[in-house]
Every structure is written in structure tokens, then in C-alpha cells.
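Novice: sequence and predicted structure below; questions after.
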Amino acid sequence: MRVLVVGSGAREHALCWAIAASPLLTKLWCAPGNPGIATVASCVPIGVMDFPQLVAFAQDNEIDLVVPGPEAPLVAGLTDAMEAGGIPCCGPTAAAAQLEGSKTFTKDIAEAAGIPTAKWERFEDAEAARGFVRRRGAPIVVKADGLAAGKGVVVAETEAQALAAIDAMMDDRVFGDSGAAVVIEECLFGEEVSLFALCDGETALLLGSAQDHKRVGDGDTGPNTGGMGCYSPVPAFPPALEHAAFERVIRPALAEMARRGMPFRGFLFAGLMLTADGAKLIEFNARFGDPECEVLLLKLKSDLLPALQAACDGELRDFDLRWHDKAAVAVVMAARGYPEAPESGSVIRGLDEAGTVPNVTVFHAGTKADADGTVRAAGGRVLTVSATGATIAEARNAAYRAVAAIDWPEGFCRKDIGWRALGRS
Ligand code: AMP
Ligand code: GLY
């Protein structure tokens, strides 16, 4: 098979790493990729939103399967563009990717499918939204309706914070048109987990779950990020609860999407809150999680590529994936200043040494390489250091041993990835 992965993060590096191991693979490309991905795939300098060029490249190179990583091209119709060009693409259409692209759409699906979620209301009028917040009081959650690069959610502890969020989103349009409408919802309390399935439009295959660490600082302090590290399995979400959430959240969503004539294909990611009343849906994403992908793929025993092809071909019904019975931990290394203003250009040394730590794989995200091979930081999240072990503690120790081998004074990471899991045991 000739495969094209689209994206340039550590998630896409992990996808490429897994696909490159497949005996079914003839050749692997990644657009645009990064220096880490370049060790397992041929990188093509085409941006993820440049659909005409991506489609032309796929046609010229007789690509058998496109595997998209990030949400923005999916929401904008990458899968539709590939299909129109006759290229199979293992991702949701733009219509199906509304599950991530529109909070209102997701809430609508959740309601129609009976999926447990926070009570909510949608407002297109800022004054009405403010009135609702004043009536309900805090804590309360304010969300920009559209995509806002993971920043469009304010969990307001006070009424004033909620009102300020409405001003910023609706009046000042800090997220552009994504703030034309807001969703205001009940605040849920509990531990968060990310649950994943691979879908073919009709059948969903459980990929497992992981717990991310969204705040930038140790002890869950500081601003939200794309995710600073994660681990799997999640002790707070044992197999029985995972299975129940799969049946109550993933399956009904898939059925409702099919019923509406927009069958969902590709990776489906349910962000859940484990409340006292059971798991409740916070959001859907139409893609694999990052860094969740970098732990779950380390646990996958089966070949990923035939599963992706089966998802694309609507043949997951009789498919099975096997998993290693071990734990995995990922520690994200970010450039100083992340998430507000990451500094670019600093030199990263010691990557080879880190890669020799047993059971560790280092995935690249925002890196670039000089002509002489020197690797530099070129983004916010720069590396994901992933490790496996018999237990979370073992995997975490291996990951931090590799982090210690990386000589990058301008980078930082959280030192407490897995603290909730370790606190339980
Ligand atoms: P989202 O972009 O929807 O994932 O939201 C970002 C973060 O906001 C989530 O990971 C949660 O930590 C938090 N959040 C979102 N919705 C709620 C809610 N209804 N109650 C409590 N926290 C929430
Ligand atoms: N790690 C959370 C996400 O991928 O959105």
C-alpha cells in the first residue's frame, strides 16, 4: 500500500511510526511532516490546508490511503476533496467532522442519541447569554460555538468571569466567527478521560482510553494547552466503565450520525467527565488525540494499517485489534513560553541518547532540522517522549529518564505526569 499521512505533529509521527511497521506498506509519505517523521516517511512540503496540492500529490503518486491527523483540514473538507479526486481517505467528511467543528451540532447529536452530557443552552445574542449567566450563577462553562484552537472554553468560577468570556467571544470576537454563537453549560466535576474508537460509518472498534494533562503547570495549574502528557490505562476508568461509556456514548453517536446521512468514518474521540452520576460527554473530536495517540499506539500489538483500510472500506464489523497488556506514559516537552508565546529556534541535543533508553520512543512535533542535521525547536509542543512499562510507575520512570537525556535548556515539561494514577496505587 502507498500511504499519505497528513499533519506535522507528534500524533502524526506516531501514526507514521505505526504504519511504517506494517508489512503491507510499500511506501509512506507525510505532508508536511517534521524531522522526526522524516526518519520513517518521505516528507512532502505541502500544507495541511492546501487541498488541491494534496489531492494532486495523492493522484500523481497513486496513494491507496490517506490518513489525516489534525482537525482543521477535516472540518474544512479534506476527506471530501480526496474522495472527489478518487482517493480513499480514512477520515470523516466535513459534514461528519461537525462533531468537532460545532459545539451546537454535538449537543444536538447527544440529545437525539440520549448521550449523557452537561445541560446546555445556545445563544446568538450576547445580552441573552449574559441574562442566562446572571440567572444561573457560577460555576458555569462558556464555549465559543466554532473551532478556536482548543482555547474557546472558559470554565468560569465566578459570574464575572463568565460575563467577561461572553464579552470577549461575542462582542470582541477574539475567536473570530467561532464566537458568533456561544454554548453555555452546566459545570461538571470529576476526572477527565479521553476515549477513542476507530469507526467505519457503522461499526466502532474500541481503541482504549487515556488521561491527558491539559494545564501547562505541575499540579494542574496555569493555562490550558493542547495536552502536556498522558497515560494509559486509566485506573479511574477500568474496563467495565470504559465498556459502558463505549456503549452509551460512542455507539449511539455513530448510529445517530448514520441516521442523519453523515456516517462517521475515522478516529472518534470522546472527551468524558467521570462524574458521581457516571461518565458524561464533554466533547467529541473527529481525530485521534495528541498526546493520547502517542501512548495508545505503543500499546497496539496488531498491524494498524489494515484497520485503517477496513475503516475506510466499511469493513470493521469482523475486525479485531490486539493490545499489549502494559502501561504507557507520554511526557510532552514544550518550548519556553508555551502556550502563550513559545520561543523558536533553540537547539535540542541528546535525542539519540534519549532514544536508547529501553522501552522509550521519542516523537517529534514542532521541530525543524538545519542542513547539518541540528534539530531546533519550531513550535509550542516540540517533542513527545513516550514509554511503556509493566506499570504506570515503570513507564513514567522510563519516560523521565529519556527526558533527562535530552539536552534542551530552553524546553520544559511537567514533572508530574500520571500523578492521579500514582496517587491511587
Ligand atoms: P473542550 O475544548 O470542550 O475540551 O473544553 C476544554 C476543557 O474545559 C475540558 O477539557 C474540560 O476540562 C473543561 N470543560 C469543558 N466543558 C466542561 C463542563 N461542562 N464542565 C466542566 N469542565 C468543562
Ligand atoms: N489531548 C487532547 C486533544 O488532542 O485534544
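Specialist: Yep, it's here. Ligands and ions are numbered 1, 2, ... in the order given.

Novice: for the rest of this, base every contact and every neighbour count on C-alpha atoms.
Specialist: OK.

Novice: now the closest residue to ligand 2 within the stretch 151-300 of the chain. Nearest residue, chain neighbours left out?
Specialist: The nearest approach of the stretch 151-300 of the chain to ligand 2 comes at Gly289, 3.4 Å away (C-alpha to the nearest ligand atom). In space, and not counting its chain neighbours, Gly289 is closest to Phe269: 6.9 Å by C-alpha to C-alpha, 6 or more residues apart in numbering.

Novice: so that neighbour is in which element?
Specialist: Under the criterion of DSSP states H and E, Phe269 resides in strand 265-275.

Novice: send the alpha carbons of that strand over as PDB?
Specialist: What follows is strand 265-275, C-alpha atoms only, in PDB (Å, rounded to 0.1, in the frame of the first residue of the first chain):
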ATOM      1  CA  ARG A 265     -15.500   7.300   9.500                       C
ATOM      2  CA  GLY A 266     -12.100   7.600  11.100                       C
ATOM      3  CA  PHE A 267     -10.900   8.200  14.600                       C
ATOM      4  CA  LEU A 268     -13.700   9.300  17.000                       C
ATOM      5  CA  PHE A 269     -12.500  10.900  20.300                       C
ATOM      6  CA  ALA A 270     -14.900  11.300  23.200                       C
ATOM      7  CA  GLY A 271     -13.800  13.700  26.000                       C
ATOM      8  CA  LEU A 272     -15.600  12.400  29.100                       C
ATOM      9  CA  MET A 273     -16.000  13.700  32.700                       C
ATOM     10  CA  LEU A 274     -16.200  10.900  35.200                       C
ATOM     11  CA  THR A 275     -18.900  12.400  37.400                       C
END
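
Novice: what sits up against it?
Specialist: Strand 265-275 is contacted from outside by 90-93, 96, 188-201, 249-250, 279-289, 308, 311-312, using C-alpha atoms under 8 Å, 6 or more residues apart in numbering.

Novice: ditto for stretch 234-242
Specialist: Stretch 234-242 is contacted from outside by Glu191, Val193, Leu195, Gly208, Ser209, Ala210, Gln211, Ala421, Arg424, using C-alpha under 8 Å, 6+ apart.

Novice: what is the burial count for the first one?
Specialist: Okay, so that is Glu191. By other C-alpha atoms under 10 Å, 14 other residues sit near Glu191.

Novice: so what's the closest residue to it other than its chain neighbours bridging to?
Specialist: Once flanking residues are discounted, Glu191 sits nearest to Leu274: 5.3 Å by C-alpha to C-alpha, 6+ apart. Beta bridges link Leu274 to Glu191, Ala279 when assigned by DSSP bridges.

Novice: go on, Val332?
Specialist: Counting by DSSP bridges, Val332 is bridged to Thr384.

Novice: one step back: what comes up buried for the strand holding Phe269?
Specialist: Under the neighbour-count criterion of 16 or more other C-alpha atoms under 10 Å, strand 265-275 has Arg265, Gly266, Phe267, Leu268, Phe269, Ala270, Gly271, Leu272, Met273, Leu274 buried.

Novice: average pLDDT across that strand?
Specialist: The average of the pLDDT scores along strand 265-275 is 98.

Novice: the residue nearest to the spatial centre of the chain: which element?
Specialist: The chain has Gly289 as the residue nearest its centroid, 2.0 Å off, counting by C-alpha atoms, centre = their mean. Secondary structure assignment for Gly289, by DSSP H and E: no helix or strand.

Novice: on that earlier part again, filter the contacts of strand 265-275 down to just the buried residues.
Specialist: Neighbour-count burial (16+ other C-alpha under 10 Å) is assigned, among those, to 90-93, 96, 188, 192-201, 249-250, 279-289, 308, 311-312.

Novice: and those residues near ligand 1, which?
Specialist: Among the buried ones among the contacts of strand 265-275, proximity to ligand 1 is found for Leu188, Ile282, Glu283 (C-alpha under 6 Å from any ligand atom).

Novice: between those, which sits nearest ligand 1?
Specialist: Nearest member of these to ligand 1, counting by C-alpha to the nearest ligand atom, is Leu188, at 3.7 Å.

Novice: so the residue in the chain sticking out farthest from the centre, which of the three states?
Specialist: Largest separation from the mean C-alpha position in the chain: Arg135, at 34.7 Å (C-alpha atoms, centre = their mean). With DSSP: H, G, I helix; E, B strand; the rest coil as the basis, Arg135 sits in helix.

Novice: if I look at it, how far off is ligand 1?
Specialist: 17 Å (C-alpha to the nearest ligand atom, to the nearest Å).

Novice: just the pLDDT for that residue.
Specialist: 93.

Novice: next: the one 5 residues further on.
Specialist: What the model reports for Ile140 is a pLDDT of 96.

Novice: that one pairs with what?
Specialist: In this entry, Ile140 is beta-bridged to Ala156, Glu186, by DSSP bridges.

Novice: residues contacting it?
Specialist: Shown in contact with Ile140 (C-alpha under 8 Å, 6+ apart): Val133, Val155, Ala156, Glu157, Thr158, Glu159, Ala162, Ile184, Glu185, Glu186, Cys187.

Novice: nearest spatial neighbour of the last one, skipping sequence neighbours?
Specialist: So that's Cys187. Nearest one to Cys187, counting by C-alpha to C-alpha, 6+ apart, is Ile140 at 5.1 Å.

Novice: what's the spacing between that neighbour and Thr225?
Specialist: 20 Å (C-alpha to C-alpha, to the nearest Å).

Novice: same thing with Ala110?
Specialist: Ala110 is 26 Å from Thr225, by C-alpha to C-alpha.

Novice: same question, Thr106
Specialist: 22 Å.

Novice: could you do Ala210 as well?
Specialist: Ala210 sits 16 Å away from Thr225 when distances are taken as C-alpha to C-alpha.

Novice: those two - which one has more neighbours?
Specialist: Using other C-alpha under 10 Å as the criterion, Ala210 and Thr225 rank with Ala210 on top: 25 against 19.

Novice: got phi/psi on that one?
Specialist: When quoted as degrees, to the nearest 10, the phi and psi of Ala210 stand at phi -150, psi 160.

Novice: tell me the bridge partners for it.
Specialist: Ser194.

Novice: doesn't Gly227 make contact with it?
Specialist: No - Ala210 is not in contact with Gly227 according to C-alpha atoms under 8 Å; the separation is 11.7 Å.

Novice: ligand 1 contacts on this structure?
Specialist: By the rule C-alpha under 6 Å from any ligand atom, the part of the chain lying against ligand 1 is Ala118, Val141, Gly150, Val153, Val155, Glu185, Glu186, Cys187, Leu188, Phe189, Ile282, Glu283.
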